[in-house]
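**Student:** Mind looking at a prediction? Sequence and model below.
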Amino acid sequence: MKVYFFILIVLISFSGCKQNQHKKRQVCPVLETMKPKYAKGFKVDYHGGFKVVSLLDKNGKPKVRYVIYPKHKSCPLSFENDISIPDTINSVALLSTTQAAALKILGKESLITCMANTHLVFDTAINKLIQQNIIESLGFDYQPDFELIVKKKPDVVISDAEYSTQSAVFTKLSQHGIKEIICQDYKEQSPLARAEWIKFFGAIFNEYEKADLYFEQIENSYLNAAKGAASLAKKPTVFCNIPYQGVWYLPTQANYTANLFAAAGANYIWKDAPQNNALNLSLNFEQVFQKAKRAQIWILFSAEKSRSELKQKDAKLENFDAYKSCKVFSAAKRVSAKGGIDYWESGGYHPDLILNDLIQIFHNESASTDSLVYFKKLNP
């Protein structure tokens, strides 16, 4: 069925839009719609000879539309107020290392001409391109180097629209004919939903079939692992993170991390707590210590490599039972020389590997760093 669908799209003629004489405008019927199975933030509509990739709001309505059409054609008049992008992208600027991971999966990393946060890149191949100055640094994601982007003149810049400080930059870039594509995979709270944004990149870069096949493999691997974890009777008590500037931020309810813990068969202490900061809780040390002192396992998503390093940040942290029993794990196994954590770079598109790590940590008493992909057991 999938093969038929892609053949159908290829064979559709470029004369899909017709003139509506009554309304004096083009009518371009949707021939096929790709609605993600898990992700809620985008969809892809296929028309005759072009496609429209839409970013969706929380009600499922398009808020931004990218019209992707053959380079030798003109953008259909019905979509002239949307963002038009030729279907052959030859160069791209990135504002996130996660976006680089997505392009690497699709074999498109050679298109990257410049990117933000290059000091945080973990991937060896992309780091080599940075060292060779093939990929130039844009500085920090919250204030990318406008002049360098204009100089490199990429076909598109991919951002996450997370920082208000980026708005002025993109307003000026649009005056130079440089298009912004917004990827908001990080807003998805289901691990599979976040990974399914590989299809968003597949649609943008004309690699949808490759993206679809990749996601199918990830989905099967993730669901099989979750099924195995669901059959386990033991559910160890778990908590995560450390205080930051006096505040201990914890995921809760529908949060991405809480969903991972649930799928891995853990009894996450704050799984049912009402959030007081988006999908998180903001607590102080005493509030966390009161509930998590006896917790069996402690998970960190930062780069600590030893328990002594943890203690140096706050001596009170050694009072948790998980610290005393050597059951602290951090996402520090794959960290670049400059501190780039691969969990945050490629992990979103490999939720099956993260899940398998957590299942081992939660249910295998002898789990060690050697048997894990992203996580590291903290020794003294």
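**Tutor:** Looks like it arrived, so ask away. Numbers count the residues shown, from 1 in each chain.
**Student:** Output stretch 244-252 as PDB, nothing but the C-alphas.
**Tutor:** C-alpha atoms of stretch 244-252 as PDB (Å, rounded to 0.1, in the frame of the first residue of the first chain):
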ATOM      1  CA  TYR A 244      18.900  24.700  39.300                       C
ATOM      2  CA  GLN A 245      19.400  28.000  40.900                       C
ATOM      3  CA  GLY A 246      17.500  26.800  43.900                       C
ATOM      4  CA  VAL A 247      14.600  25.300  42.000                       C
ATOM      5  CA  TRP A 248      14.100  21.600  41.300                       C
ATOM      6  CA  TYR A 249      12.200  21.100  38.000                       C
ATOM      7  CA  LEU A 250      10.400  17.800  37.700                       C
ATOM      8  CA  PRO A 251       8.300  16.400  34.800                       C
ATOM      9  CA  THR A 252       4.800  15.400  35.600                       C
END
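**Student:** and it, what's its mean pLDDT?
**Tutor:** Per-residue pLDDT over stretch 244-252 has a mean of 95.
**Student:** Where do the strands of the stretch 51-200 of the chain begin and end?
**Tutor:** 51-56, 62-69, 83-86, 92-94, 112-115, 136-137, 156-159, 179-182 (DSSP state E, counting those that start in this stretch).
**Student:** Counting by contacts, list what the last one packs against.
**Tutor:** Contact partners of strand 179-182 among helices and strands, from 3 or more Cβ pairs under 8 Å, 6 or more residues apart in numbering; DSSP states H and E: strand 83-86, strand 156-159, helix 165-175. Just so you know, the C-beta spots here come from the backbone N, C-alpha and C atoms, and that holds for glycine as well.
**Student:** Please identify the most buried of those.
**Tutor:** Among these, ranked by average contacts under mean count of other Cβ atoms under 10 Å, first place goes to strand 156-159 (a mean of 23).
**Student:** Now do that strand: everything it contacts.
**Tutor:** When contacts are defined by Cβ atoms under 8 Å, 6 or more residues apart in numbering, strand 156-159 is touched by residues 85, 89, 92-96, 99, 141, 149, 166, 170, 173, 178-183, 204.
**Student:** Next: stretch 210-223.
**Tutor:** By Cβ under 8 Å, 6+ apart, the residues outside stretch 210-223 that reach it are 2, 37, 105-107, 191-192, 195-196, 198-199, 201-203, 263, 349-352, 355.
**Student:** sorry, back to before: want to throw the helices and strands packed on strand 179-182 into TSV with mean pLDDT and distance to residue 270?
**Tutor:** Below are the helices and strands packed on strand 179-182 laid out as TSV (pLDDT from 0 to 100; distance: least, Cβ to Cβ, whole Å):
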stretch	mean pLDDT	distance to residue 270
strand 83-86	92	40
strand 156-159	95	31
helix 165-175	82	32
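**Student:** I am finished for the moment; much appreciated.
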